[in-house]
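J.: Just need the structure, nothing else, for what follows:
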Amino acid sequence: MADKKVKIRLQDVWRENGNVHQPGKEIEISQEFAEDLAAHGLKFQIIADKNDK
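T.: Residues are numbered from 1 along each chain as shown. Sure thing, here's the model as predicted:
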């Protein structure tokens, strides 16, 4: 089963592997990864569920 994808808009600065993503940036990630980020306190808004047709 493929990972469920969601598109999020950051509300916090997110630093990852030397990259800095600024608030307002939109990225597409797996729902599982989004849940991990939320568990670590990163604030973001889900703007699209890629599995809704």
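J.: Can you name the residues in contact with the helix or strand containing Ile8?
T.: Taking DSSP states H and E as the criterion, Ile8 maps to strand 5-10. With contact meaning C-beta atoms under 8 Å, 6 or more residues apart in numbering, strand 5-10 is reached by 21-31, 34, 42-51. C-beta: built from backbone N, CA, C; applies to glycine.
J.: immediately after that strand, which helix or strand?
T.: Sequence-wise, the next helix or strand downstream of strand 5-10 (DSSP H and E) is strand 14-16.
J.: list the buried ones in that next one?
T.: Buried residues in strand 14-16, defined by neighbour count with 16 or more other C-beta atoms under 10 Å: Trp14.
J.: Show me what the very next helix or strand once past it is packed up against.
T.: For strand 14-16, the following helix or strand on the C-terminal side (DSSP H and E) is strand 19-21. Where contact means 3 or more C-beta pairs under 8 Å, 6 or more residues apart in numbering; DSSP states H and E, strand 19-21 is packed against strand 14-16.
J.: and the strand it packs on, what other elements does it pack with?
T.: strand 19-21.
J.: How far off centre is the strand it packs on?
T.: Relative to its parent chain, strand 19-21 has a centroid offset of 13 Å by C-alpha atoms, centre = their mean, to the nearest Å.
J.: where does this protein have low pLDDT?
T.: For the chain, the stretches with pLDDT under 70 are 1-2, 50-53.
J.: which one is Lys43 nearest to, not counting chain neighbours?
T.: Gln11 (4.1 Å; C-beta to C-beta, 6 or more residues apart in numbering).
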